[in-house]
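Visitor: only geometry, no sequence info:
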């Protein structure tokens, strides 16, 4: 946690998302509690985590068009993981850390944030659920990597419109989270 390197913070963020598969859950909870305590003592750690997750791939262009891959095996497709899921996942993880929420899945974190802060989070939970459903319905089922890609030309006008709305909501959440975390944190 004291290491300033990008890689160290990345590993810390990965650990925060860890779940117990075998053994006692208390051990991992205790370790995560140390991280939450450190964040309370030193809010700058949260700002370092924010900087680590700022590299988001744009999914919507300046004219409102969906930006697709322009070369490679996924030409003409959009990477939902990079452009649509990551803004939600990263923002909700950071907010959960700020609010000492110990849940690991994005949906569970959204639920916990809704319980503590009110219904404003319900809209983000609904959009995120829709995004997961969208990926399941329209993502390629060939392999793990391909499931994150959707061929834009295969979508109807209304589906494209809905996808853009969900993506914009994720970026809004991420930008609001960024402002919320940066406010009041110096260094």
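Guide: Nice, I can see it. As the structure is a computational prediction, the values presented were derived from the model and not from experiment.
Visitor: for stretch 90-105, what is the distance to the chain centroid?
Guide: Taking Cα atoms, centre = their mean, to the nearest Å, one finds stretch 90-105 lying 10 Å from the centre of the chain it belongs to.
Visitor: can you give me the end-to-end distance of that stretch?
Guide: Across stretch 90-105, the terminal residues are separated by 11 Å (Cα to Cα, to the nearest Å).
Visitor: of all the residues in the worst-scoring helix or strand of the chain on mean pLDDT, which ones are buried?
Guide: One helix or strand of the chain scores below all others by mean pLDDT, DSSP states H and E: helix 106-117, with a mean of 86. Across helix 106-117, burial judged by 16 or more other Cβ atoms under 10 Å covers 106, 109, 110, 111, 112, 113, 114. All C-beta atoms are positioned from the backbone trio N, CA, C, and that covers glycine.
Visitor: mind giving me the packing neighbours of that helix?
Guide: In terms of contact count using 3 or more Cβ pairs under 8 Å, 6 or more residues apart in numbering; DSSP states H and E, helix 106-117 is assigned the packing partners helix 86-98, helix 120-138.
Visitor: what's the angle from it to helix 86-98?
Guide: Helix 106-117 and helix 86-98 are oriented at 50 degrees to each other (axes from the mean of the first three to the mean of the last three Cα atoms, to 10 degrees).
Visitor: so for this structure, the centremost residue is which one?
Guide: Nearest to the mean C-alpha position of the chain, by Cα atoms, centre = their mean, lies residue 89 at 1.5 Å.
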